[in-house]
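# 3D model of this:
(chains A and B)
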Amino acid sequence: MRAIATAAVLVVGLTSGLAEAQYVGIPKTFQPSLDAAKSRRQLKNPAPTTAPGVKDTLYRIGDALGMLRDTEERDAILTMDWRSTGTMMVDGQTCTLANYRGQLRYSVPAMRIEYACAQPDGKAGARHVEVIANAMAWNEATPGTGATPAPNAVNDRLVQLWSLPYSVYKAATLAGANAKTTLEGGVVYLSYPLPAPLTGTARVALNTTDAIELTMDSGEKYQLSYWIDRVELRVGNTVTETTYADYQELNEPDYRSDVFFPRRVTQKRNGTTVLDLTTQRTNTYNPYVVMPVPANVKAAYPASAATVVPSAVPAAAAGGRGGGAGQGAAATPQTPRTADGHPDLNGRWGGGGGGAIGTGPVQGLDKDGKRVTFESLEEAKAKATKIFARNYVARHGNPTWAERDQGMDDRYRDNLNPPLYKPEFWDRVQYLDMHGNYLDTAFLCAPVGLPRIGAPIRIVQTPNEVVLLYNNRNTWRVVPTDGRPHGKEDDRDQTYMGDSVGHWEGDTLVVEAVGFNDETWLANVATAPGWFHTTDMRVVETFRRQGNTLYYGYTVYDPDVLAEPWVVGPRAIQLNTTNGPYNEDPPCIMNPRPMVSRERG
Amino acid sequence: MRTSFVTVVAAAIVAAAIPALAHHASQAEFDKNSPKTISGVLTRVQWTNPHVRWYLDIKNEKTGEVETWLLQGSGPGAYKANGISAAGVFPIGKTYTAMIAPARDGSNGGYVMTWTLPDGTKMDFWHDYGDGSGEKP
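A predicted model of the protein is given here:
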């Protein structure tokens, strides 16, 4: 009991406590998130009489856990963070946990477990931090510091990682045709070989009878079922049997993700109970979780140990948001050059990415209820039974899910290549992300700044300067390329876009910007999940034209907070040869109503 | 069961045109689970970021007073990409009907799901159930 109380204090301290101490203006209470479903009810299905197919089984497992998001119903689980209490076998002794925190990053795949046993006086004892990243295991003094390689723990930790419910979906998907379903005594079992380098098998018992029936806004009813009851991993002579129960939404009530987590976990190793956990709180919104491999750990393993375990996330969706192909661009091998011999960067670049957009065609429903595109509003008014003001499709026709899925997807994409902060800032990034509705100054209509603004939509190049034009907030930059240094420090005091100077390195224009304020957040594609920076940030952008393609990338240097420079891109942007108008970006006017929850989408 | 993703490409293009904006979930502000229908005279349209705003004069049946309601939508870029402009679609001074997700803080306002224009045209601004019906059953 004492251990539970201590852990609860820790969790509260990390959320509301810090909020009051460090940040002004965040309400102490939020309204709970809305339920995406109109109603839910528990029901019992009859036991199946035949084994369902593997594909169908995996779909139901993933859907029930909330892994499959967006209209594509694609596995969107990248990272996770959870806090639990309970008991654990440590060095042959059962310890009552004073605290326990788990973190996952499936792209590596990697897991960090941090815990301390309660001392007789109830206080937390020595901190244990155990990490596995691909096939490299190590222990840390505190998360991200003081690493000691732990080569003997590789297999055990991989077994822990692959025992988790989400891992079942991912590993069985990786197994492809080698995954099988069987029906034994009315119970559906899923079996598959474990991913390399483990040689062993997984056998998973599914609960197909308990179901939650959801009624959606559209009237559609559908079921969540196929709960992962028991996962049995057999590696060599060791059988690890993990039992899961009480699947629930365990995120903060106003930060729902609709990813279910098993509140109760027990684990037996060759029949002996080694783990008995109750989980109080999760962050399943693809939070900022990193497991960088320290140099001394890397040196202790063969190079293959960094890649032998397959990545447990689907291949990245093509392109990020903010890219946008230009229209009418034809690839030419010849790169146009200006009179001084540099590649000619002049022109309109990309269809999106800060680009202006004219008024487009109109989407609507025709008389047969089919979705069609009309040339003009007049035509749509004459022919459509209904006009859509925006293109919008939601999973199971549910707008709440559309936004929640967007939040999951954005963080999924962003966190595939996050800036690597120093360990002491990891929790801060998570906190800022969770409270983005209040702390992201873009919500206060402040400029988004560099590099979040992305690539320019138009470039004007002269022998001595390059002018970069952005649609976003009608922003411009004049970048001298005549070799002059940055302006005096007094002149470049804390700006959003920085003081920029450029020079040519061969065919690449390199632009260095300094003199930033610390009001903005960095962004990878579209969102900015708490990625703060200091006033000492330096951004180096590269512009390289090849044919009619512009390659734009940037590197962020901020050694006070970043453990290493953050490298983004370069990504390809096409020359846009359309001659449409540039529209003024409408001004940003602050929201008069307060946010009542922390959900973003 | 599985919805098609034919229009995902279109949605991605729209998203590409509005980078670097922060998006809170509209359900952090509006209750989409309790939609209601309101009618009133449109007095002002603000075609601004991050959200388009409409001001409607609506008579409070209890007090008899005319109150101003502030309705909100998505960003102007998303509408513009779909051929919806302020000048072309929303002349002021006429009576409009809107199905809205009411503000969760209880203030006079909401997020527009569907507009019914003065000429009777119905325009879906948020609610699309994937099957194309776009209507609350």
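
# can you name the residues in contact with the top strand by length along chain B?
Longest strand in chain B by number of residues (criterion: DSSP state E): strand B:36-46. Outside strand B:36-46, the residues within contact range by C-beta atoms under 8 Å, 6 or more residues apart in numbering or on different chains are A:589, B:52-59, B:68-69, B:86, B:90-100, B:102, B:110. To be clear about C-beta, it is placed using only N, CA and C from the backbone, and glycine gets the same treatment.

# and it, how far out from the chain middle?
10 Å (C-alpha atoms, centre = their mean, to the nearest Å).

# pull it out as PDB, backbone CA atoms only.
What follows is strand B:36-46, C-alpha atoms only, in PDB (Å, rounded to 0.1, in the frame of the first residue of the first chain):
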ATOM      1  CA  LYS B  36     -27.900  21.400 -31.800                       C
ATOM      2  CA  THR B  37     -29.400  23.500 -34.600                       C
ATOM      3  CA  ILE B  38     -29.600  27.300 -34.400                       C
ATOM      4  CA  SER B  39     -30.900  30.000 -36.800                       C
ATOM      5  CA  GLY B  40     -30.100  33.700 -37.000                       C
ATOM      6  CA  VAL B  41     -28.900  36.600 -39.100                       C
ATOM      7  CA  LEU B  42     -25.300  36.600 -40.100                       C
ATOM      8  CA  THR B  43     -23.700  39.900 -39.100                       C
ATOM      9  CA  ARG B  44     -20.000  39.300 -39.700                       C
ATOM     10  CA  VAL B  45     -17.600  36.800 -41.200                       C
ATOM     11  CA  GLN B  46     -13.900  36.700 -40.200                       C
END
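
# and it, which strands flank it?
If you go by DSSP bridges, strand B:36-46 pairs up with strand B:53-59 (antiparallel), strand B:95-102 (antiparallel).

# most packed of those?
Ranked by mean neighbour count, these are led by strand B:95-102 with a mean of 20 (mean count of other C-beta atoms under 10 Å in any protein chain shown).

# helix or strand right after it?
Using DSSP states H and E, the helix or strand that follows strand B:95-102 towards the C-terminus is strand B:109-116.

# which helices and strands does that next one pack with?
Applying 3 or more C-beta pairs under 8 Å, 6 or more residues apart in numbering or on different chains; DSSP states H and E, we find strand B:109-116 packed against strand B:66-72, strand B:95-102, strand B:122-124.

# in a markdown table, list the ones you listed along with mean pLDDT and distance to A:Leu198.
Listed next are the helices and strands packed on strand B:109-116 as a markdown table, based on pLDDT from 0 to 100; distance: least, C-beta to C-beta, whole Å:
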| stretch | mean pLDDT | distance to A:Leu198 |
| --- | --- | --- |
| strand B:66-72 | 95 | 52 |
| strand B:95-102 | 94 | 49 |
| strand B:122-124 | 88 | 51 |
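
# now these in CSV, with distance to A:Lys170?
As requested, those are exported to CSV (distance: least, C-beta to C-beta, whole Å):
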stretch, distance to A:Lys170
strand B:66-72, 39
strand B:95-102, 36
strand B:122-124, 37
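
# surely A:Asp410 is within a helix?
Yes - with DSSP: H, G, I helix; E, B strand; the rest coil as the criterion, A:Asp410 is part of a helix.

# return the distance of it relative to chain B.
A:Asp410 sits 8 Å away from chain B, going by C-beta to the nearest C-beta, to the nearest Å.

# wait, that residue touches A:Thr527, no?
Yes - counting by C-beta atoms under 8 Å, A:Asp410 touches A:Thr527, with 4.1 Å between them.
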